[in-house]
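Participant: what would the 3D arrangement of this be:
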Amino acid sequence: MAVINARPGGARTGTAAAPPGKLPGLAMAVLGVALAWTAHRLVPAVPMLTAAVVLGIAAAHLPGVKARVRGVGRPGLTLAGKRLMRVGVVLLGLKLSIGDVLGVGWATVAMVLVVVTATFFGTLWLGRRLGLRGDQPLLIATGYSICGASAIGAVSEVSGSDEEDVATSVALVTLCGTLAIAVLPLLHHPLGLDDTQFGRWVGAGVHDVGQVVATAQTAGPTALGEAVLVKLMRVALLAPLVAAVAVSVSRRRAQARAAAAGDPTATVPAEHGKRPPLVPLFVLGFLAMVAVRSTGLVPGGVLDGAQHAQELLLAAALFGLGSAVHLPSLVRTGGRVAALGLCSWVVIAGVSYAGVLLTA
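Facilitator: Predicted structure coming up:
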């Protein structure tokens, strides 16, 4: 509690200045979303979420702007990167129904499981071997294997990841996913894929939902439909992955507390308030939205409105995350991060290509 001192004239002043509020940072995020939306409208090939990340990074380094972003705007931008991301992930569940998953067949379901598993554990292993800092291997593995920046944000919520690790991972996954929009259509016919196979390959191998749509639509409506279905099956795996990470984090903390209890010199970070649930509330919300969508009772207008709201919320969150990127720090680990991104991209593209051919 701040100590209040009385002045002779009756006015009172605190011993410490009040921390800046969240409104300045939230206003910056709103402006960033508006600029990202405008960029997407002017250049439709640039997804709004990608533009939001880039604008956030730019804002954090522009002279005259970066001081506000890192100062008065930081609390609100952090709030956008965390809380708005949760709401966006919940609304993401309305894109998926149980019937959609069952309709593509068990062979495709098995293919998606293999792709996600191989990409996640392969990227995680290689990232640790390369000596990347903090939770970067976990976050990059999550983004590549599940659904890009949305998955990174969801996992970072339960892992307690450093904001800079989150921002770096989002920047890498967004960059590679954006490159896929230009590269994969060029490989459509040289790889001998028909439109259905190309759509499933894109859905299994490209990171963000918007990037999947932008890539698959180049091959027509059949490819686009298959790509979205396969991609949403990967999105469905977000819930069990986040739950597994939450359990792992809880166990590590329990082991650390036990070690501290047996060793007086050991230290364990203090935990404040209630212990977080093993399955975070926003993951339960995601599953609830999947169940709601599966009933078939939600009007199309509501689904369209929820999709627009989800895109806006995720754009605000990604602007907030992008504003936390510190390019000098990224450059110091840039070679290793780029190597991990390239290798992970090769793994997910190769495994998904083999899976599409085997399930054709």
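Participant: would you confirm that Asp162 contacts Gly134?
Facilitator: Yes. Using CB atoms under 8 Å, Asp162 is in contact with Gly134, at 5.2 Å. Any C-beta I mention is one placed from the backbone N, CA and C, and that applies to glycine too.
Participant: may I have the helix or strand containing Gly320 exported as PDB, CA atoms only?
Facilitator: In the assignment (DSSP states H and E), Gly320 maps to helix 300-322. Extracted in PDB, the C-alpha atoms of helix 300-322 (Å, rounded to 0.1, in the frame of the first residue of the first chain):
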ATOM      1  CA  GLY A 300     -24.800 -18.400 -40.500                       C
ATOM      2  CA  GLY A 301     -24.900 -14.600 -39.700                       C
ATOM      3  CA  VAL A 302     -23.700 -15.300 -36.100                       C
ATOM      4  CA  LEU A 303     -20.900 -17.500 -37.400                       C
ATOM      5  CA  ASP A 304     -19.800 -14.800 -39.800                       C
ATOM      6  CA  GLY A 305     -19.900 -12.200 -37.100                       C
ATOM      7  CA  ALA A 306     -17.900 -14.400 -34.800                       C
ATOM      8  CA  GLN A 307     -15.300 -15.000 -37.500                       C
ATOM      9  CA  HIS A 308     -14.800 -11.200 -38.000                       C
ATOM     10  CA  ALA A 309     -14.600 -10.700 -34.300                       C
ATOM     11  CA  GLN A 310     -12.100 -13.400 -33.900                       C
ATOM     12  CA  GLU A 311      -9.900 -11.900 -36.700                       C
ATOM     13  CA  LEU A 312     -10.000  -8.500 -35.100                       C
ATOM     14  CA  LEU A 313      -9.200  -9.800 -31.600                       C
ATOM     15  CA  LEU A 314      -6.300 -11.900 -32.900                       C
ATOM     16  CA  ALA A 315      -5.000  -9.000 -35.000                       C
ATOM     17  CA  ALA A 316      -5.000  -6.800 -31.800                       C
ATOM     18  CA  ALA A 317      -3.200  -9.600 -29.900                       C
ATOM     19  CA  LEU A 318      -0.600 -10.100 -32.600                       C
ATOM     20  CA  PHE A 319       0.000  -6.300 -32.800                       C
ATOM     21  CA  GLY A 320       0.700  -6.400 -29.100                       C
ATOM     22  CA  LEU A 321       3.000  -9.400 -29.400                       C
ATOM     23  CA  GLY A 322       4.800  -7.900 -32.400                       C
END
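Participant: quick one: buried residues of that helix?
Facilitator: For helix 300-322, burial by neighbour count (16 or more other CB atoms under 10 Å) applies to 306, 310-322.
Participant: what about Arg200, which SS state?
Facilitator: The three-state assignment at Arg200 reads helix, by DSSP: H, G, I helix; E, B strand; the rest coil.
Participant: packing partners of the helix holding Gly320?
Facilitator: Identification of packing neighbours for helix 300-322 by 3 or more CB pairs under 8 Å, 6 or more residues apart in numbering; DSSP states H and E yields helix 23-42, helix 48-59, helix 74-79, helix 85-92, helix 148-159, helix 163-187.
Participant: let's see that with 6 Å instead.
Facilitator: Counting contacts by 3 or more CB pairs under 6 Å, 6 or more residues apart in numbering; DSSP states H and E, helix 300-322 is packed against helix 23-42, helix 48-59, helix 85-92, helix 163-187.
Participant: of all these, which one is nearest Gln255?
Facilitator: Smallest distance to Gln255 across those (CB to CB): 22.0 Å, for helix 163-187.
Participant: residues making contact with that closest one?
Facilitator: 50, 53, 134-136, 139-140, 143, 148-149, 152, 156, 206-208, 211, 214-215, 218, 321, 324-325, 330, 337, 341, 345 (CB atoms under 6 Å, 6 or more residues apart in numbering).
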